[in-house]
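A.B. asks: structural data only, the sequence is not supplied:
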């Protein structure tokens, strides 16, 4: 399959008008929740419109070598630094193909404390994560951040299957049977490895549930000066919840992801289960986060059960229009080379 040609010609239309299907997702459908889109004219030429704007009537999924017309930034703490329009981190969600496999590259690109947006500042907190399709799973096999560096998530397939990517059925994001109005769930088994060839001696359990929904999301559209326009859009979203344990009640933490169709990952939340023993730092983190404007409330998605604490969050719905030629390939995230050469 020529995925570049297929998705390059697949017009998504206005992303706010996307439909949620009860049928199993195709590979292209799954990728459309993982990747952001760029607006194009009738000839397929990119325009300056953003996907959430009324002027965007046609769009296609963005690849890592496409010139970016906008970038997603996180929400700043406007209560503390009112003039910080661009936030702290830019995060793109684009398609890249390496060693014959399509994957979603999600950048974590900081632009504060001497770092520069648009380049990979090695060893200074920059990084990202990769979403890979393995059978009917969308999975996170690798991430890099300032705390843990490059980490690989490997599942039991490293022991039981000859298929080279079976080991990456690990950190489940969602499966192709995701439905609207009801949770699907799986207990994933995985562990962290230092490299993609390693096979851990044991595996941890992660109760994971996922669903399709239409969620009202707040956006900040940022142009030159900068001029910030606040708008809201209801979009089709995959909601994914990854618990650190066998079930919600006994898990000590939760990571929740919102992947909007045609925009990719737009929000991440970290929750701590206050019903089990937690360090004092967790309650301190909850208090500090609640005093910022970084994590606007989303309807229907609060704590998963009584006593849970929201301790961290990023909301990448500040859409910053770009004025200089730049692509995600220019970010030059070196860890991606471990997936093989660019096709």
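C.D. replies: That came in fine, so what should we check first? Values in this document were obtained by computation on a predicted structure and should not be read as measured data. Residues are numbered from 1 along each chain as shown.
A.B. asks: in stretch 46-66, which residues are buried?
C.D. replies: For stretch 46-66, burial by neighbour count (16 or more other C-beta atoms under 10 Å) applies to 46-47, 49-53, 56-64, 66. Quick note: C-beta positions are derived from backbone N, CA and C, even for glycine.
A.B. asks: what's the distance between residue 265 and residue 162?
C.D. replies: Going from residue 265 to residue 162 by C-beta to C-beta, to the nearest Å gives 31 Å.
A.B. asks: can you give the distance from stretch 319-334 to the centre of its chain?
C.D. replies: Average the C-alpha atoms of stretch 319-334, do the same for its chain, and the two points are 17 Å apart (C-alpha atoms, centre = their mean, to the nearest Å).
A.B. asks: what does it rub up against?
C.D. replies: 48, 50, 52, 64-73, 86, 90, 92, 94, 96, 105, 107, 109, 118-120, 122, 126-128, 144, 219-224, 226 (C-beta atoms under 8 Å, 6 or more residues apart in numbering).
A.B. asks: thinking again about what came up before, residue 265 and residue 162: which has the busier surroundings?
C.D. replies: Taking neighbours as other C-beta atoms under 10 Å, residue 265 and residue 162 compare with residue 265 leading, 26 against 6.
A.B. asks: what average pLDDT does the strand or helix carrying the more buried one get?
C.D. replies: Using DSSP states H and E, the element containing residue 265 is strand 264-273. Average pLDDT, strand 264-273: 98.
A.B. asks: what does stretch 306-315 give?
C.D. replies: If you average the pLDDT values across stretch 306-315, you get 96.
A.B. asks: buried set for it?
C.D. replies: 308-315.
A.B. asks: and those as a markdown table, adding secondary structure and distance to residue 113?
C.D. replies: Converted to a markdown table, the buried residues of stretch 306-315 look like this (DSSP: H, G, I helix; E, B strand; the rest coil; distance: C-beta to C-beta, whole Å):
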| residue | secondary structure | distance to residue 113 |
| --- | --- | --- |
| 308 | strand | 31 |
| 309 | strand | 27 |
| 310 | strand | 25 |
| 311 | strand | 22 |
| 312 | strand | 18 |
| 313 | strand | 20 |
| 314 | strand | 16 |
| 315 | strand | 20 |
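A.B. asks: distance of residue 292 relative to residue 310?
C.D. replies: On the measure of C-beta to C-beta, residue 292 and residue 310 end up 11 Å apart.
A.B. asks: bridged to residue 206, which residues?
C.D. replies: residue 188 (DSSP bridges).
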